[in-house]
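[1] Would you be able to build a 3D model of this:
(one chain, ligands or ions: 1)
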Amino acid sequence: MTSTPSPAVRVRAVTTVVSVDGPLLRFADPAHPLAALRRGDGIVGIGEVWRGEFRGASRFADAALAWRAIAAAADVVDPVHRAGSGLVAFGSFAFADASASSSVLVVPETIVGRRDGVAWVTRASVVGDGADAATSGGAAAGAGHKGAELPPATEIGERPRATLAAATLSRDDFVATVGRAVERIRAGDVEKVVIARDATASIPADADRRAIVTELAEAYPDTLAFAVDGLIGASPETLVSVHAREASARVLAGSTARGADAAEDAAAATRLATSQKDLDEHEFAVQSVLRALRPHVTAVTASEAPFTLKLPNLWHLATDVELELAEDSSGLDLVAALHPTAAVAGSPTDAALALIAELEPFDRGRYAGPVGWIDQDGDGEWVIALRCARIDDDGMLVAHAGAGIVIDSDPVAELAETRMKFRPIADALR
Ligand SMILES: C=C(O[C@@H]1C=C(C(=O)O)C=C[C@H]1O)C(=O)O
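    So this is what the prediction gives:
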């Protein structure tokens, strides 16, 4: 089931300082961009020298193990020492253990990165006996490193236009499904469950995917704009960000639409911050994160009360969590421990997952799964794949949006909330 790398796969990664002006996405592949960007900085990847694919309940553990082996055997030259320099794999994981979607880690052949005014290029290749085992980048393997010069940049093409249409679950079906979820909560089966619906669109097969990432990044500057293996989005929710044994997470749960004018907007934020339903829903999510992290950390602190996070489409209740990592825990270990949080599954987790599998008539794929990157030290940045769409090679696009359902949820209000959560993708295609 798993393509575990043989210990012989040895990756050499050499990072060099370069000078880069303008959007990093110009260096990415228009058809298969790899990117993790915040306010224009971050990393983009080109090509592929190694890919691991993982499935089933052990996908996180298998990926963490595979990455440990790759990182331990790697030969890394990194004078830059910034988040995202050196050896890096992009990753995207399926939401459900039983998903038909595989989960992936991908080491690009080239990474162009920029942070705090410093830019770099990393060139990776597979060396030694494992060179034949590498994936599509095999042609470059063993061929020695190209120079540190930047890969070719190309102008980002026109943004493809398309309209998102409700898919498996119509709006009415969603309202009915939320109604059933509320009944099950009343019956005591779960405390909270996150119910999602799907929507599709079709873009030209040759559309420049980078244009969608660019639009998302510009419209939602406080998010991580990502593109990994066909999954493109802008997530406001940091599952965990790890740097030099310190980690942070941002828990979001509890949402309301932005107001039409300043007064209404302020009132909406106040209502959210004082709504017992939303505060309860938020507390489930925070507790699930703290519980999951405890075995992996030596210290953890969360803000006393949630704050209201303002996004262009929504207000969210948010709590930031800061932690110190125990020795030997990597970003992927934390991801494995955290997923699925109550923010995207519900509480208690197992009962909520069973109810999602029963009530949602589709496979979430990688929606609501972790997406991000990891480096040779286990550092990295992982967000929950929200406000995103999977775009296949033929241009078929599938997006999902969900809402946390608790005992006094109003199904019609939850439908409205999912509409707001589709907006980043819907607007990026307008
Ligand atoms: C499930 C989604 O969002 C999650 C659910 C939220 C909620 O129920 O209030 C808020 C933020 C996210 O944790 C989504 O965007 O699809």
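[2] Any stretches of the protein with poor pLDDT?
    For the chain, applying pLDDT under 70 flags the ranges 1-8, 129-148.
[3] What residues does it have near the ligand?
    194, 196, 237, 252-255, 316, 343-344, 386-387, 401-404, 421 (C-beta under 6 Å from any ligand atom). Heads up, the C-betas are built off the backbone N, CA and C, glycines and all.
[4] give the contact list for the residue of the stretch 1-150 of the chain found nearest the ligand.
    Residue nearest to the ligand within the stretch 1-150 of the chain: residue 95 (10.4 Å; C-beta to the nearest ligand atom). By C-beta atoms under 8 Å, 6 or more residues apart in numbering, residue 95 lies in contact with 340, 344, 364-369.
[5] likewise residue 40?
    23-24, 114, 217.
[6] Tell me which two in the residues you listed are the farthest apart.
    Largest separation among the contacts of residue 40 by C-beta to C-beta: 114 and 217, giving 13.3 Å.
[7] How much space separates the closest residue to residue 259 other than its chain neighbours from residue 308?
    Leaving aside its chain neighbours, residue 259 sits nearest to residue 265 (3.3 Å; criterion: C-beta to C-beta, 6 or more residues apart in numbering). Residue 265 sits 11 Å away from residue 308, going by C-beta to C-beta, to the nearest Å.
[8] and residue 149, how many residues sit next to it?
    For residue 149, the number of neighbouring residues by other C-beta atoms under 10 Å comes to 10.
[9] So it, which state does it fall into?
    Secondary structure, DSSP: H, G, I helix; E, B strand; the rest coil: residue 149 is coil.
[10] ok, now which ones touch it?
    18, 121.
[11] and residue 383, what does it touch?
    223-224, 226, 235, 237-239, 370-372.
[12] any idea which element the residue nearest the centre of the chain lies in?
    With distances taken as C-alpha atoms, centre = their mean, residue 371 lies nearest the centre of the chain, 3.0 Å away. Per DSSP states H and E, residue 371 falls inside strand 370-375.
[13] Helix or strand next in line after that strand, which one?
    Counting by DSSP H and E, what follows strand 370-375 is strand 380-384.
[14] Can I get that following strand in PDB, CA atoms only?
    Extracted in PDB, the C-alpha atoms of strand 380-384 (Å, rounded to 0.1, in the frame of the first residue of the first chain):
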ATOM      1  CA  GLY A 380       7.600  23.000   8.600                       C
ATOM      2  CA  GLU A 381       4.200  24.600   8.200                       C
ATOM      3  CA  TRP A 382       1.000  22.600   8.000                       C
ATOM      4  CA  VAL A 383      -2.500  24.100   7.500                       C
ATOM      5  CA  ILE A 384      -5.900  22.400   7.300                       C
END
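[15] any idea how far that strand is from the chain center?
    When distances are taken as C-alpha atoms, centre = their mean, to the nearest Å, strand 380-384 is centred 6 Å away from the chain's centroid.
[16] Give the partner strands of that strand in its sheet and their orientations.
    In the sheet, strand 380-384 lines up against strand 238-243 (antiparallel), strand 370-375 (antiparallel) (DSSP bridges).
[17] show me the contacts for the residue lying closest to residue 417 once chain neighbours are set aside.
    Once flanking residues are discounted, residue 417 sits nearest to residue 403: 4.5 Å by C-beta to C-beta, 6+ apart. By C-beta under 8 Å, 6+ apart, the residues touching residue 403 are 178, 194-196, 255, 409, 414, 417-418, 421.
[18] Helices of the stretch 251-400 of the chain, start to end?
    262-274, 276-293, 331-338, 349-359 (DSSP state H, counting those that start in this stretch).
[19] Most tightly packed of those?
    Comparing the helices of the stretch 251-400 of the chain by mean neighbour count (mean count of other C-beta atoms under 10 Å), helix 331-338 comes out on top with a mean of 24.
[20] Run through the neighbouring helices and strands of it.
    Applying 3 or more C-beta pairs under 8 Å, 6 or more residues apart in numbering; DSSP states H and E, we find helix 331-338 packed against helix 59-73, strand 238-243, strand 246-257, helix 276-293, strand 370-375, strand 380-384.
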